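K.L.:
return a 3D structure for these sequence lines:
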Amino acid sequence: QLKVVESGGGLVQPGGSLRLSCAASGATLDYLAVRWFRQAPGKDREGVSCISSSHSLNYEDSVKGRATISRDDEKNTVYLQLNSMKPEDTAIYYCAALMGGCSGYVHVWGQGTQVTVSS
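P.N.:
Numbering: from 1, shown residues only. From the prediction side, this is the model:
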């Protein structure tokens, strides 16, 4: 049974960078898209970025130009690099494996990793 686990969150200063990881176990991610979501305190969960099984990418406007999503199928892991971070990037970041591509539905959720941007 597929399971995904996020890591790499933490406290970072404004302008800093983080690389989040979404590691899968129990099954391969090769044929699945993976989307990163985030949920800030008091706000709805929102999509951040997605990578398809064919490595097509998309980004929400809020992170476009500051984020890079990538996948290493040998390691069964998807990454989200965040640069020039802002306090409004503070949130719990979740990854999810999707059925049906980036426009498909969530098959498996991770438990989330906290990212805090503060001086």
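
K.L.:
if I look at the most centrally placed residue in the chain, how far off is residue 119?
P.N.:
In the chain, the centroid-proximal residue (C-alpha atoms, centre = their mean) is residue 36; its distance is 2.9 Å. Residue 36 sits 24 Å away from residue 119, going by C-beta to C-beta, to the nearest Å. (C-beta placed from N, C-alpha, C; glycine too.)

K.L.:
repeat for residue 2
P.N.:
38 Å.

K.L.:
among those two, which residue is more densely surrounded?
P.N.:
Set residue 2 next to residue 119 and count neighbours by other C-beta atoms under 10 Å: residue 2 wins out with 14 against 9.

K.L.:
name the helix or strand for the residue nearest to the centre of the chain, please.
P.N.:
Here residue 36 is covered by strand 33-39, with elements defined by DSSP states H and E.

K.L.:
so for that strand, what gets flagged as buried?
P.N.:
By neighbour count on 16 or more other C-beta atoms under 10 Å, the buried set for strand 33-39 is 33, 34, 35, 36, 37, 38.

K.L.:
so the fourth one touches residue 94, yeah?
P.N.:
When you say that, I think you mean residue 36. Yes. The pair residue 36 and residue 94 passes the contact test of C-beta atoms under 8 Å, sitting 7.2 Å apart.
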